[in-house]
Every structure is written in structure tokens, then in C-alpha cells.
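Participant: generate coordinates for the sequence data below:
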Amino acid sequence: MALRIESVHEKASGTLELALSGGLLFHFSSTDVRLCGMRFDSSSRMLITEGSRLEIVPGTEAEDAILESLRCLDQLHAARKIALGIVARAEQGSTQLYEKLAKKGFDKETARIAVRWMCENGYVDDRRYVKLLLQSHLMRRGQGPERLKAIAWPRIGLFENPKAIFAEAFSSIEEEDLLEAMRRNAENLLKRGRIPAGHRRAVLDDGNEENPVAPLSHSRKLAYLRSWFRQEGFPNYAIDRFLESWETENKDES
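Facilitator: The predicted structure is shown next:
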């Protein structure tokens, strides 16, 4: 049975609500039309796509081409609405948001278009996202750059290489902030008082790994910290400066 266009209603928000026979209801806006590569002429009720002009007039039969276009527009409208709701609750990386939309059932192209619109309008910004993670994981918790990369890399870079995003974010870190992060990191590590298995060879200066639970001497602490900070991805210049300061402050333990 052919579907007929029952009504076309334009809301105050600029959203068009189009009802078809059978209870089908579609929503879209001029933004959705533009993002899908179409144009809507409100005066003539024409949905204009590449090479065709689809007339949307109440009482007429809905062509297959109109139905396909309406489904595309309706899905994009829903995807943008959900995306806005997600970022309102928490900052998102571009790939992270894309995957959340895909999990909610949107096709890849619709999810991608919705996320690109979010990025273009500043609702999603991978650089801002990485800087927030820097504040949370590096500055507050003392975790190293490699730990941060492991967290953020899968969540960003839908439209740009994550490497460039990280390079820019890390270049903005002040040296004193790095040293403060390393201080917090060192405090947490040394509270353990034992050598983690992955660092025994770097720490045990006599090469003997038969007693890995022996208390850490001053020299072993120094070797342990250097090995750990390298693994965490802290730059060598910052490691050297921090350990020089740390050794001076703790020289009475040697």
C-alpha cells in the first residue's frame, strides 16, 4: 500500500515534522538537510537533492526517493539530539562519541556526520579533551604520558591523526608541572616499598633477583624511579632533573 503525505508542520524551533499515512513520523531541520547534502525550499515544499527535486505536499503519494531521504534526515536529527545529550553529561573524544552513537544503532555514515557537526560547532574538541585528561591524570594523579595515551588514543582522532593532537597537548605542559606530576607519582610508588616484577632487573644492581621483596635501598629507589618514569613516558630531561632533586633531598638515606 502506497504511503501518503498527511501533513508538514514547521515548529518554532525550525524543525519540520512530516507525518505519513500509517503513523510514520519524521523530524528534520535545515541543518540536517544541509549535512545530508540536500536543500529544502520551504516556500515550494521541495526537498532538493543532487539531480532531483522531491515535492513534499500533503495529500500526495510519498515517492520511494522521498522516503529514503526522510529516513536519512530523521536518523541524523535523532543522532545529533542524542550526541548533544551525551556531551552535556561528560566531555567526549570524537571517536568515543562516534562509537557510542554506533552502539545506539545509528549507521556509520549517520554517526560520522553527526560527530563532524559536533566538532565543527565546538561541542566536541579532541584537543580540549586531551588537555582535560592531562589535568586529571597527569597533574592530579601523577600518571605519565604513556598512561594517558593508552586512555585517550582510542577515544580521539576520528578526523585527525591522534599523534598530532598529543604532540600539541604535551608541548603545552610546563616543566614544573611535569616535575610536580613525577613527585606525586614517586610518592605513590615508594609507599609500596617493594620492587615490582617488571622492574627487578633495572633495580637490582647486583643482578640477583632471588630476593625481590627486599626493602628498597636508596640506590635501588633511584634505579626504580628512573626505570618507572621511562616506562610512563616522561621525557628524559624531566627525569634527570627530578632525580637530581630527589637524590639531593633524600641523600641521608644513601
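
Participant: and the pLDDT at the nearest residue to Y129 once chain neighbours are set aside?
Facilitator: Nearest non-adjacent residue to Y129, counting by Cβ to Cβ, 6 or more residues apart in numbering: G93, 4.8 Å away. Where C-beta positions appear, they are placed from N, C-alpha and C, glycine not excepted. Reported pLDDT at G93 in the predicted model: 97.

Participant: now swap in K251 and tell me
Facilitator: According to the per-residue confidence, K251 scores 68 in pLDDT.

Participant: and for L54?
Facilitator: Looking at L54, its pLDDT is 80.

Participant: buried residues in the helix or strand where it lies?
Facilitator: Counting by DSSP states H and E, the element that carries L54 is strand 52-55. Residues of strand 52-55 classed as buried by neighbour count (16 or more other Cβ atoms under 10 Å): L54.

Participant: also stretch 21-38?
Facilitator: For stretch 21-38, burial by neighbour count (16+ other Cβ under 10 Å) applies to L24, F26, H27, F28, S29, T31, D32, V33, L35, C36, M38.

Participant: how distant is the helix or strand encompassing the second one from the center of its chain?
Facilitator: For F26, the host element (DSSP H and E) is strand 24-28. In terms of Cα atoms, centre = their mean, to the nearest Å, the gap separating the centre of strand 24-28 from the centre of its chain is 30 Å.

Participant: for the stretch 1-150 of the chain, which segments count as helices?
Facilitator: Here the stretch 1-150 of the chain has its helices, by DSSP state H, counting those that start in this stretch, at 30-35, 64-89, 94-103, 108-120, 126-133, 145-152.

Participant: I48 is nearest to which of the ones you listed?
Facilitator: Taking Cβ to Cβ as the measure, these were each checked against I48, and helix 30-35 came out nearest at 8.8 Å.

Participant: perfect, I'm done here.
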